[in-house]
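> The following comprises the amino acid sequence and a computationally predicted model.
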Amino acid sequence: MAKEVVYSANAPEPIGPYSQAIKAGNILFISGQVAIQKPSGDLITGNITEESHQVMKNLSEILKAGGMDFSNVVKSTIFLKDMNNFPKVNEVYGSYFKDQPPARETVEVSRLPKDVNVEISCIAVK
């Protein structure tokens, strides 16, 4: 099975040696996204609700580049700097999954890239 790099010019550039996403067959593996706005490169961290929406927008753009949308997501992982933000992040996240939300785990971590408050990765299937 061949693997294909999936890239969206509407999502932030990777900040390390990784791809935004890799498509293997009909499965799309999206790297963890943080709240970097494209094209300005500005990082949103002052408001957890706005930060979470930007993360979801970035995921959406990569899903589109892979020919998918949130309805194709089967698994996601949410990394939080502070579990006290869980209710607000969960509310934003849930607004993107109207029917049949994917499997998911949410974990609190001591630190995230660029000192953000939330990072989300996902796997989608077409």
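It's in. Residues are numbered from 1 along each chain as shown.
> All the helices of the chain, residue numbers only.
48-65, 86-94 (DSSP state H).
> Buried residues of the longest one, list them for me.
Looking back up the chat, that one is helix 48-65. Buried positions in helix 48-65, judged by neighbour count with 16 or more other Cβ atoms under 10 Å: 48, 51-63, 65. In this view, the C-beta of every residue, glycine as well, is placed from N, C-alpha and C.
> What separation do you get for the residue lying farthest from the centre of the chain and Asn10?
In the chain, the residue that sits farthest from the middle, by Cα atoms, centre = their mean, is Met1; the gap is 24.8 Å. Per Cβ to Cβ, to the nearest Å, Met1 is found 27 Å from Asn10.
> Phe29 now?
From Phe29 across to Asn10, the span is 19 Å (Cβ to Cβ).
> Name the residue in those two with the higher neighbour count.
Phe29 (17 against 14; other Cβ atoms under 10 Å).
> Would you state the predicted confidence (pLDDT) at the residue lying closest to that one once chain neighbours are set aside?
Spatially, and ignoring its direct neighbours in sequence, Phe29 is nearest to Ile22 (5.0 Å; Cβ to Cβ, 6 or more residues apart in numbering). Ile22 is assigned a predicted lDDT (pLDDT) of 98.
> Ser8 too?
At Ser8, the pLDDT value in this model is 98.
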